[in-house]
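*Asks:* here's my sequence, what's the structure:
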Amino acid sequence: KDNNLIWHLPKDLKFFKETTTGHYVIQGRKTFESCGKPLPNRTNVIITRDKNFKVDGCIVIHSLQEALDLVKNESEAFIIGGGNIYEQAMPFADRIYLTKIIDIFRIIN
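*Replies:* I've put the predicted structure just below:
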C-alpha cells in the first residue's frame with residue numbers, strides 16, 4: 001500500500017538481495033521512488049513515460065520493450081515491480097520467484 005512493502009520479511013529480503021545482486025533489476029518509476037535510491041550492486045533500470053525523468057546511477061527508459069531489448073543478452077534480469085510492470089512482463093517471464101505467506105490477515109479499508 002502507498003508503494004510500501006506490506007510485510008517486512010528479513011529472510012525474503014535476504015533472498016531477494018542474494019538473487020538479484022550483479023544483475024539488471026527492471027522497475028517502474030513509482031517502485032524506484034518507494035526505494036528512494038538505486039539498489040546497490042545491480043544495474044537499475046527504471047521504466048517511465050516521463051521523458052524528462054533522470055536519475056544518477058540508473059538507466060531510464062520508456063517502455064518494457066526497451067528494457068527487454070537492453071537485457072536480451074544477459075543470463076538473468078529481474079522485474080521487481082510495480083504491478084503494471086509485472087502485468088506487462090508476465091508473458092515474457094521464464095521463471096517467477098513468488099513468496100507465499102501462510103497466515104490469516106484482517107483487511108482494513
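
*Asks:* contacts, neighbours, all on C-alpha from now
*Replies:* Will do.

*Asks:* as a whole number, average confidence for the one helix or strand E33 maps to?
*Replies:* Using DSSP states H and E, E33 sits within helix 29-35. Mean per-residue pLDDT for helix 29-35: 94.

*Asks:* so which elements touch it?
*Replies:* With contacts taken as 3 or more CA pairs under 8 Å, 6 or more residues apart in numbering; DSSP states H and E, helix 29-35 sits against strand 43-47.

*Asks:* strand partners (parallel or antiparallel) of the next helix or strand after the strand it packs on?
*Replies:* Downstream of strand 43-47, the next assigned helix or strand under DSSP H and E is strand 58-61. Looking at strand 58-61 with DSSP bridges, its partner strands are strand 43-47 (parallel).

*Asks:* give the buried residues for the strand it pairs with.
*Replies:* T43, N44, V45, I46, I47 (16 or more other CA atoms under 10 Å).

*Asks:* give me phi/psi at P91?
*Replies:* Torsion angles at P91 (phi, psi; degrees, to the nearest 10) stand at phi -60, psi -20.

*Asks:* in this structure, which segments are predicted with low confidence?
*Replies:* 1-5, 109 (pLDDT under 70).

*Asks:* all strands of the chain, in order?
*Replies:* For the chain, strands defined by DSSP state E occupy the ranges 24-28, 43-47, 58-61, 77-79.

*Asks:* most packed of those?
*Replies:* Burial of the strands of the chain is given as mean neighbour count (mean count of other CA atoms under 10 Å); strand 24-28 ranks first at a mean of 25.
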